[in-house]
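1. need a structure here:
(chains A and B)
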Amino acid sequence: MPIEYLPILALIVLAVLFALGTLLMSSIFGPKRPTPEKLSPYECGITPVGTARERFSVKFYLIAMLFIVFDIEIVFLYPWAVVFRQLRLFGLIEMAIFILILCIGLCYAWKKGGLEWE
Amino acid sequence: MFEFIIIMLVKIAVVFGALLLTVAYLTWLERKVIGDIQVRLGPMRVGYHGLLQPIADGLKLLFKEDIIPAEADRTVYLLAPLVAIIPALISFAVIPFGSQVKILGRTIDLYITDVNIGILFIFAVASLGVYGIVLAGWSSNNKYSLLGAMRSSAQMISYELSMGLSIVGVLMMAQSLSLVQIVKAQSVVWFILLQPVGFLIYLICAVAETNRAPFDLPEAETELVAGFHVEYSSMKFALFFLAEYANIVTVSALATTLFLGGWQGPLLPPVAWFLLKVFAFIFLFVWLRATLPRFRYDQLMGFGWKVLLPVSLANILVTGLIMAWR
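-> Here you go, the predicted structure:
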């Protein structure tokens, strides 16, 4: 393992210990007086209606799919950006075509109403 | 090797402690500044001008009852605050807060580590934070939590795109993903002057990513009561808040590093410059919260996808054109 990643590992261990320790402390120090009302889901004081495991808008799913497409584009853009000075115009034209194709996709989603919320 | 480990542990302890202290006092600073803006005093009772307020709050939360709702998914419910706080605390590992200092005859780099994929590491870790929110909202078995979590995750992934794209211009100029190299590339001119559009997009996305006003729809008090953490109490609630404030510090530090020349500046020592710039950003976050009303959800998503995304893509192409042409 490259040595410069060791501090990150140490920091992760410290963060995990801190988070677990905090939870443990609050479970030790906090009082425990549960009542059925206290343990029921909060709905502004009234008895909960139905379950929370309901269906929700499919729009969120669509946004997630669009996100994956563009997130992969960003992953491609980072190494390209680092070596851009060497690629010059060739790299620019190449990436312009790539971005254009994705823009067509975005325009399509836009036109189909995938970005509208009512 | 032994010396390396000792130095590493000391640096980690100092940065971790400083981060937690900053986060704790950020809550005090926010209440004070918003109090001043609204012509109130803010916290005054605990300590001089309320300076001990964060400690009092922390202790109070520690001694509160730890409620786990009866219908909640217990494992995921307990896991969610951990998933929220751990990425928020570790992304500071690669941020450089000074150049080098000589202590006891040894040259010490003022950053925990300098990996050659620094910026990628930060974005990868920061995007893990969304899991904490989704898991919290889903496992609570509460309608408000679920709605808040769905909104929040959609908002965060939408603005993450523009955030990732907004810094590509910086990477093109710095020719590196290492944050130390990016700071060094700004020794002549800060990237905020060369990338004003990128900076603006980054700033807007940073506010949206941290779920702060005017993008604080996930916790919109007036309609969702508190969004994804309605059902959380005691220290679990505190961990979500710590995560939010730690994220504010991280995006501020990242903005400083990427656009404002990091630790560089005249006269004052490097660390002082770094802290000064970071606090300027944090102040801006608080100021925004006191000034701007909340967006509507369709406005928020429309703005992210129809304005920020095309503009940040155009920004990359324009930057490329200018750099290829010169």
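2. can you give me the helices for chain A?
-> Shown for chain A, the helices assigned by DSSP state H span residues A:6-29, A:36-39, A:59-82, A:84-111.
3. just the stretch 101-250 of chain B next, same as before
-> Ranges of helices within the stretch 101-250 of chain B are B:118-126, B:129-139, B:143-166, B:168-174, B:179-184, B:191-194, B:196-209, B:221-224, B:234-259, based on DSSP state H, counting those that start in this stretch.
4. got a markdown table for those helices, with mean neighbour count, distance to chain A and mean pLDDT too?
-> For every residue, glycine as well, the C-beta is placed using N, CA and C. As requested, the helices of the stretch 101-250 of chain B are exported to a markdown table (neighbours: other C-beta atoms under 10 Å in any protein chain shown; distance: least, C-beta to the nearest C-beta, whole Å; pLDDT from 0 to 100):
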| stretch | mean neighbour count | distance to chain A | mean pLDDT |
| --- | --- | --- | --- |
| helix B:118-126 | 21 | 6 | 88 |
| helix B:129-139 | 24 | 9 | 86 |
| helix B:143-166 | 25 | 4 | 86 |
| helix B:168-174 | 24 | 4 | 89 |
| helix B:179-184 | 22 | 10 | 88 |
| helix B:191-194 | 17 | 13 | 86 |
| helix B:196-209 | 22 | 12 | 91 |
| helix B:221-224 | 12 | 11 | 65 |
| helix B:234-259 | 25 | 3 | 89 |
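5. wait, which of the ones you listed is closest to B:Leu308?
-> Distances from B:Leu308 to each of these were compared using C-beta to C-beta; the minimum, 3.9 Å, belongs to helix B:143-166.
6. Pull the distance from that closest one to the chain's centre.
-> Shown here is helix B:143-166, whose average C-alpha point lies 15 Å from the average C-alpha point of the whole chain (C-alpha atoms, centre = their mean, to the nearest Å).
7. Show me what it is packed against.
-> Under the contact definition 3 or more C-beta pairs under 8 Å, 6 or more residues apart in numbering or on different chains; DSSP states H and E, helix B:143-166 sits against helix A:59-82, helix B:118-126, helix B:129-139, helix B:196-209, helix B:221-224, helix B:297-302, helix B:309-325.
8. same thing but at 10 Å, please
-> Packed against helix B:143-166 by the contact rule (3 or more C-beta pairs under 10 Å, 6 or more residues apart in numbering or on different chains; DSSP states H and E) you find helix A:59-82, helix B:118-126, helix B:129-139, helix B:196-209, helix B:221-224, helix B:234-259, helix B:297-302, helix B:309-325.
9. Those: which one's closest to A:Ile12?
-> Once C-beta to C-beta is applied to these, the stretch that comes out nearest is helix B:118-126, at 9.5 Å.
10. Show me what the closest one is packed against.
-> Here helix B:118-126 touches helix A:6-29, helix A:59-82, helix B:74-90, helix B:143-166, helix B:168-174, helix B:179-184, helix B:234-259, going by 3+ C-beta pairs under 10 Å, 6+ apart.
11. Now the ones you listed in CSV, please, with extra columns for distance to B:Leu62.
-> What follows is these, written out as CSV (distance: least, C-beta to C-beta, whole Å):
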stretch, distance to B:Leu62
helix A:6-29, 5
helix A:59-82, 36
helix B:74-90, 14
helix B:143-166, 23
helix B:168-174, 41
helix B:179-184, 35
helix B:234-259, 6
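12. closest to B:Phe63 out of those?
-> Checked against C-beta to C-beta, the stretch from the helices and strands packed on helix B:118-126 lying closest is helix A:6-29, at 5.3 Å.
13. right, is that closest one up against chain B?
-> Yes - contact between helix A:6-29 and chain B is present through A:6-16, A:18-29 (criterion: C-beta under 10 Å from any C-beta of the partner chain).
14. rewinding a little: hey, least reliable of the helices of chain A by pLDDT?
-> Lowest mean pLDDT of the helices of chain A: helix A:36-39, a mean of 75.
15. follow-up on the earlier one: quick one: which of the helices and strands packed on helix B:118-126 is nearest A:Gly114?
-> Put simply, out of the helices and strands packed on helix B:118-126 the one that sits nearest A:Gly114 is helix A:59-82, at 5.3 Å, with distance taken as C-beta to C-beta.
16. roughly how far is the closest one from the heart of the chain?
-> 12 Å.
17. Please name every helix or strand in contact with it.
-> Of the remaining helices and strands, those touching helix A:59-82 by 3+ C-beta pairs under 10 Å, 6+ apart are helix A:84-111, helix B:118-126, helix B:143-166, helix B:168-174, helix B:309-325.
18. which parts of the first one are buried?
-> Translated: helix A:84-111. By neighbour count, with 16 or more other C-beta atoms under 10 Å in any protein chain shown as the criterion, the buried positions of helix A:84-111 are A:84, A:87, A:91-92, A:95, A:99, A:102-103, A:106, A:109-110.
19. just those residues that are near chain B?
-> Restricting the buried residues of helix A:84-111 to those adjacent to chain B (criterion: C-beta under 10 Å from any C-beta) gives A:84, A:87, A:91-92, A:95, A:99, A:102-103, A:106, A:109-110.
20. circling back to that earlier point, for B:Leu61, which of the helices and strands packed on helix B:118-126 is the nearest?
-> B:Leu61 lies closest to helix B:234-259 among the helices and strands packed on helix B:118-126, at 4.6 Å (C-beta to C-beta).
21. Give me the angle between that closest one and helix A:6-29.
-> 160 degrees (axes from the mean of the first three to the mean of the last three C-alpha atoms, to 10 degrees).
22. Of the helices and strands packed on helix B:118-126, which is nearest B:Arg289?
-> When the helices and strands packed on helix B:118-126 are ranked by proximity to B:Arg289, the top entry is helix B:234-259, at 10.5 Å, counting by C-beta to C-beta.
23. how far does the closest one sit from the chain's center?
-> For helix B:234-259, the distance to the chain centre is 4 Å (C-alpha atoms, centre = their mean).
24. again, but for stretch A:105-115
-> Going by C-alpha atoms, centre = their mean, the spacing between the C-alpha centre of stretch A:105-115 and its chain's C-alpha centre is 21 Å.
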